[in-house]
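Sharing a sequence plus its predicted fold:
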Amino acid sequence: MQRSSERILDEYLVASALTGDRPAWQRLVVRWQPKLLRHAWRLLGDTERARDAVQDSWIEILRGLGRLEDLAAFPAWAFQIVTRRCQRLFRGSDLQRRVADALCIDEEEFSTDVPDGELDADIDQVMAALQSLPAAQRAVLSLFYLESLSVAEIAVALDVPPGTVKTRLMHARNRIRAQLEGVGNEQAG
């Protein structure tokens, strides 16, 4: 399996951060903050709570970095820490407020790197379909397609078996396909 230059850079930054290189640590945070924020938002559906979860996660990441045996495992490990932090917040929150927040969320702050004005109707439909998924399916699909994690890495990140990841991916793809085909059929009719 070939590693991308992004993965190699992450490994280098982690290795450098482990030696006490503060600029490497800062660059790692700058690179990973948006990814971890998007992940936390997908799990929690609340911008402020996602920020809090990621901030707390960075403390845990910093403290635990020395225990990370495989530098290539940093992405899955970091997502796992954020996932667990979000689970703790999720369990301690009010269900009605969570649902209301999720329905009114403004995801622009955590969107992909596509410049404003370049999103066409197809992308908007896909993003709307993605947001309509249950949090577990949305997280799996996003980690797989947007963050390019493998099924094994997603299993570690979400602390679920690989079979569960595959099942959630299948259901998420089917729901998105059904929603998009429904949109396409409405436009054709």
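Looks like it came in fine.

what sits up against stretch 4-24?
25, 27-28, 31-32, 65-66, 68, 71-72, 74-75, 148 (C-beta atoms under 8 Å, 6 or more residues apart in numbering). Yep, even glycine has a C-beta here, placed from its N, CA and C like the rest.

In helices, which of those appear?
Per DSSP state H, helices hold the following members of those: W25, R27, L28, R31, W32, F74, P75.

so can I have JSON lines of these showing neighbour count?
Formatted as JSON lines, those follow (neighbours: other C-beta atoms under 10 Å):
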{"residue": "W25", "neighbour count": "19"}
{"residue": "R27", "neighbour count": "17"}
{"residue": "L28", "neighbour count": "24"}
{"residue": "R31", "neighbour count": "13"}
{"residue": "W32", "neighbour count": "22"}
{"residue": "F74", "neighbour count": "21"}
{"residue": "P75", "neighbour count": "25"}
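
Specify which member of those is nearest to R3.
Checking the ones in helices among the contacts of stretch 4-24 against R3 by C-beta to C-beta gives P75 as the nearest, at 11.4 Å.

from what I can see the closest one touches S150, true?
No: taking C-beta atoms under 8 Å as the definition, P75 is not a contact partner of S150, at 9.7 Å.

Please identify the helix or strand for the residue positioned nearest the centre of the chain.
Closest residue to the average C-alpha location of the chain: H39 at 2.6 Å, with C-alpha atoms, centre = their mean. Taking DSSP states H and E as the definition, H39 sits inside helix 22-44.

then that helix to CSV, C-alphas only?
Provided in CSV are the C-alpha atoms of helix 22-44 (Å, rounded to 0.1, in the frame of the first residue of the first chain):
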residue,chain,number,x,y,z
ARG,A,22,7.3,22.9,19.1
PRO,A,23,6.9,24.2,15.6
ALA,A,24,6.2,20.6,14.4
TRP,A,25,3.6,20.3,17.2
GLN,A,26,2.0,23.6,16.2
ARG,A,27,2.0,22.5,12.5
LEU,A,28,0.4,19.2,13.4
VAL,A,29,-2.3,21.0,15.4
VAL,A,30,-2.9,23.4,12.5
ARG,A,31,-3.2,20.5,10.0
TRP,A,32,-5.5,18.4,12.2
GLN,A,33,-7.7,20.9,14.0
PRO,A,34,-10.2,21.3,11.0
LYS,A,35,-10.4,17.5,10.5
LEU,A,36,-11.0,16.9,14.2
LEU,A,37,-13.5,19.7,14.4
ARG,A,38,-15.5,18.3,11.4
HIS,A,39,-15.4,14.8,13.0
ALA,A,40,-16.6,16.1,16.4
TRP,A,41,-19.3,18.2,14.7
ARG,A,42,-20.5,15.2,12.7
LEU,A,43,-20.8,13.2,16.0
LEU,A,44,-22.3,15.9,18.1
